[in-house]
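> no sequence on hand, only this structure:
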């Protein structure tokens, strides 16, 4: 599975941004799709995910501000990020899994990452 993330950029605190991740493959609808981020000097961490049935999962730090969704017709998963904070500054990655998990090591394929910078 090949993944291509896009949509990152420089925004101000309080702004919104939507990330997209386009996936290859004919079985996208069966994938568990996750978003992770790596903040400067920190390890990669789980942000949000959406299952094949549309179930959603969020890290506590983004719950209520971020929304993950998918469009199976377009083989694309989205991350809508609202009320952005400087602490959200990170490289954001999308990833594909065949099981429900929040553990980065369990994900099989990764996109290249897109940088989100939130200024104060």
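Structure's in. What do you need? Bear in mind the structure is a predicted one, so any value in this text is a computation, not a measurement.
> ok, the closest residue to residue 46 other than its chain neighbours - how many residues close by?
Once flanking residues are discounted, residue 46 sits nearest to residue 102: 4.3 Å by Cβ to Cβ, 6 or more residues apart in numbering. Just so you know, the C-beta spots here come from the backbone N, C-alpha and C atoms, and that holds for glycine as well. The local packing count at residue 102 equals 17, with neighbours defined by other Cβ atoms under 10 Å.
> do you know how far the most centrally placed residue in the chain is from residue 26?
The chain has residue 35 as the residue nearest its centroid, 2.5 Å off, counting by Cα atoms, centre = their mean. To residue 26, residue 35 is 22 Å away according to Cβ to Cβ, to the nearest Å.
> got the contact list for the residue nearest to the centre of the chain?
Contact analysis of residue 35 by Cβ atoms under 8 Å, 6 or more residues apart in numbering lists 19, 21, 47-49, 68, 77, 79, 92-95.
> what lines up beside the helix or strand that contains it in the sheet?
Take DSSP states H and E as the rule and residue 35 turns out to sit in strand 32-38. Here strand 32-38 is paired, per DSSP bridges, with strand 45-50 (antiparallel), strand 90-97 (antiparallel).
> single out the most deeply packed of the ones you listed.
Here the criterion is mean neighbour count by mean count of other Cβ atoms under 10 Å, and of these the winner is strand 90-97, at a mean of 23.
> for that strand, what is the distance to the chain centroid?
In terms of Cα atoms, centre = their mean, to the nearest Å, the centre of strand 90-97 is found 5 Å from the chain centre.
> buried ones in the strand holding residue 35?
Buried residues in strand 32-38, counting neighbours by 16 or more other Cβ atoms under 10 Å, are found at 32-37.
> before we move on, the earlier item: let's verify the residue nearest to residue 46: helix, strand, or coil?
Three-state assignment for residue 102 (DSSP: H, G, I helix; E, B strand; the rest coil): coil.
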